[in-house]
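Student: The sequence and its predicted three-dimensional model are supplied below.
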Amino acid sequence: MATDLALVTVLTQLLLDMVMSDNIDFYNLMPAVETTPYPESFKCFTCDQATDNYSCNRWAEDVWCPQNTQYCMTIHRFNHNGKTKSVTKRCAAHEECRLAGCRHHKNPHHLECVSCCEGMVCNVDLPTNHTNAVFAQRRTHSSAAPTFKTRDTVFLLITVLTGLFPL
């Protein structure tokens, strides 16, 4: 009886830890399978002036982006010490993404970095400098470009392993 109670207590605590966890992996989120409102529709993390990135991502509104948008935008405002002042994430049109980059915001001691990305909930991270405050568009694959297929990789791997371990 005591062992059953101990087991129930441990399992209950594990379940609570999973539900209440502050360590959510935002990189492996998959939106619920549902009917999309239009072809090639997508979702972005969305929040307006959240206190930090984690709060924004955790409580982001789960809505489909409007049809006139193609990208997910992140606006990160922070002070010269790197302390976040606000995080805004939303769906954006191509023209809005031309603002990508970093600049002073209101005074020389506050910075604003803006990034845009293309794809389902791609705006997980915060832009913090000129390296990651970019307008990242998917590249289209040219039919003339050489490709290295999975079967080529497997064939090469088998060839190398056969050479290392002769039968």
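Tutor: Nice, thanks for sending it over.
Student: Count the neighbours of Arg138 for me.
Tutor: By other C-beta atoms under 10 Å, 9 other residues sit near Arg138. To be clear about C-beta, it is placed using only N, CA and C from the backbone, and glycine gets the same treatment.
Student: Where does it sit, in terms of helix or strand?
Tutor: Assigned by DSSP states H and E, Arg138 belongs to no helix or strand.
Student: contacting residues for it?
Tutor: Glu118, Gly119 (C-beta atoms under 8 Å, 6 or more residues apart in numbering).
Student: so what's it scoring on pLDDT?
Tutor: As predicted, Arg138 sits at a pLDDT of 80.
Student: tally of neighbours for the closest residue in space to Thr46 that isn't next to it in sequence?
Tutor: With C-beta to C-beta, 6 or more residues apart in numbering as the measure, Glu61 is the residue that lies nearest to Thr46, at 4.7 Å, once sequence neighbours are left out. Residues within reach of Glu61, counting by other C-beta under 10 Å, total 12.
Student: secondary structure class for the closest residue to Asn123 other than its chain neighbours?
Tutor: Using C-beta to C-beta, 6+ apart and skipping residues adjacent in sequence, the residue nearest Asn123 is Cys72, 3.8 Å away. With DSSP: H, G, I helix; E, B strand; the rest coil as the basis, Cys72 sits in strand.
Student: these two touch, right, Cys72 and Asn57?
Tutor: No. Between Cys72 and Asn57 no contact is recorded; they are 11.7 Å apart, counting by C-beta atoms under 8 Å.
Student: Mind listing the shared neighbours of these two?
Tutor: Phe45.
Student: So for these two, which residue has more residues nearby?
Tutor: Using other C-beta under 10 Å, the more surrounded residue of Cys72 and Asn57 is Cys72, with 27 against 22.
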